[in-house]
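Asks: sequence first, then the predicted structure, then my questions.
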Amino acid sequence: MLMEGDRITREYVAKGMLPRVEYTKIIEHIDHAVKVAGIDHVGLGSDFDGANMPYGMEDVSMLPKITEALLQKGYSESDVKRILGENTLRLMGDVERISRELNR
């Protein structure tokens with residue numbers, strides 16, 4: 001189900017007032033971030049509760065497309081797991097550990 005902002009954006013795209021952005025742009029951004037920051041510093045978030053999402057990523061059921069695209073691009077399963085959540089979990093663990101150390 002499209003949110004109101006997405007609906008309006010898609011109307012503007014249909015009228016030629018905005019460019020059509022495909023979900024593959026997400027893959028380009030991930031690839032760029034990996035090249036700039038390294039595989040251990042890239043993670044995904046989502047904003048399916050009101051953000052304007054690219055075509056092909058209208059809801060959470062479309063997320064497997066990201067996994068598939070990264071694997072097709074040559075990322076290893078291990079790297080994809082890092083991008084899809086392991087890096088975020090590691091960071092959260094580090095933040096909790098440092099918080100405990102600072103509060104001692």
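Replies: Noted; the coordinates are in hand. Residues are numbered from 1 along each chain as shown.

Asks: any idea how far the residue positioned nearest the centre of the chain is from R82?
Replies: What sits nearest the mean C-alpha location of the chain, by CA atoms, centre = their mean, is L44, with 3.9 Å. Going from L44 to R82 by CB to CB, to the nearest Å gives 10 Å. Quick note: C-beta positions are derived from backbone N, CA and C, even for glycine.

Asks: what of A37?
Replies: According to CB to CB, A37 stands 12 Å off from R82.

Asks: same deal with L91?
Replies: For L91, the distance to R82 equals 11 Å [CB to CB].

Asks: need the overlap of contacts for these two.
Replies: Listed as contacting both L91 and R82 by CB atoms under 8 Å, 6 or more residues apart in numbering are G43.

Asks: who has more neighbours out of these two?
Replies: R82 (21 against 13; other CB atoms under 10 Å).

Asks: can you confirm that one is in a helix?
Replies: Yes. Under DSSP: H, G, I helix; E, B strand; the rest coil, R82 sits within a helix.

Asks: what does the pLDDT read for the closest residue to R20 other than its chain neighbours?
Replies: Nearest in space to R20, with sequence neighbours left out and distances taken as CB to CB, 6 or more residues apart in numbering, is V13 at 5.0 Å. In this model, V13 is scored at 93, pLDDT.

Asks: okay then, goodbye and thanks.
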